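[1] let's see this in three dimensions:
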Amino acid sequence: MNPQPLAVLDTNVIVSAQLSPFGAPGRIWDLALARLLRVAYDDRLLLEYETVLRRPKFAFPPALVEALMAVFVFQEAVQPLPWPYQPLPDPKVSESRPCSQLSACYRQCAPLPGIRPR
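    Numbering: from 1, shown residues only. Model (predicted):
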C-alpha cells in the first residue's frame, strides 16, 4: 500500500503554482514533484491541463508546458467507472411527446443514488 495521499488537482492549482510558486498551489505542486503527494488523473484531465496551460494569456513557454505534462508519467493514471444509467431522452425528439409520455420515460430510467424519483 502506498503511504502518500492521493489527490486530484484542479487545473487552477496547476496554473497558479506556475504563476505564484511560493503560494499554497506552489507548495502542493512541490509535494507532487517530490512524490509526497500522488496526483490522480485521466485522459480528460490531462487534455484540460494542457489546453489551459497553452492559453496565450499565460504565455508559458512550450518547453515548460511539456515539462509540466511529463510529471504525470510518474503519477496515478485512473480509469473512470462506466456510467450504469441510461441516458435521458433527446430533448429535440421529446418536444413532440406529450408530458405524460416524458414522465413515463423518466420513471423508467434508473434513479441516481440518493435521489428519489417524484
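[2] kindly provide the distance from R55 to T11.
    11 Å (Cβ to Cβ, to the nearest Å). From N, CA and C alone the C-beta is placed, and that goes for glycine too.
[3] apart from its neighbours in sequence, what residue is nearest the residue sitting nearest the centre point of the chain?
    For the chain, L45 is the residue whose C-alpha lies nearest the centre (Cα atoms, centre = their mean; 4.7 Å). Counting by Cβ to Cβ, 6 or more residues apart in numbering, V8 is the residue found nearest to L45 once chain neighbours are left out, at 7.2 Å.
[4] ok so, going back, the residue nearest to the centre of the chain against V13, yeah?
    No - the pair L45 and V13 does not pass the contact test of Cβ atoms under 8 Å, sitting 11.7 Å apart.
[5] which residues does stretch 65-72 contact?
    Contacts to stretch 65-72, defined as Cβ atoms under 8 Å, 6 or more residues apart in numbering, come from residues 14, 18, 32-33, 39, 41, 46, 49-50, 53-54.
[6] let me redo that: stretch 30-43
    Here stretch 30-43 makes contact (Cβ under 8 Å, 6+ apart) with 2, 4-9, 28, 49, 71-72, 74-80.
[7] measure it end to end?
    One end of stretch 30-43 sits 22 Å from the other (Cα to Cα, to the nearest Å).
[8] kindly report the same for stretch 51-68.
    12 Å.
[9] same question for stretch 33-49.
    16 Å.
[10] quick one: it to chain centroid distance?
    10 Å (Cα atoms, centre = their mean, to the nearest Å).
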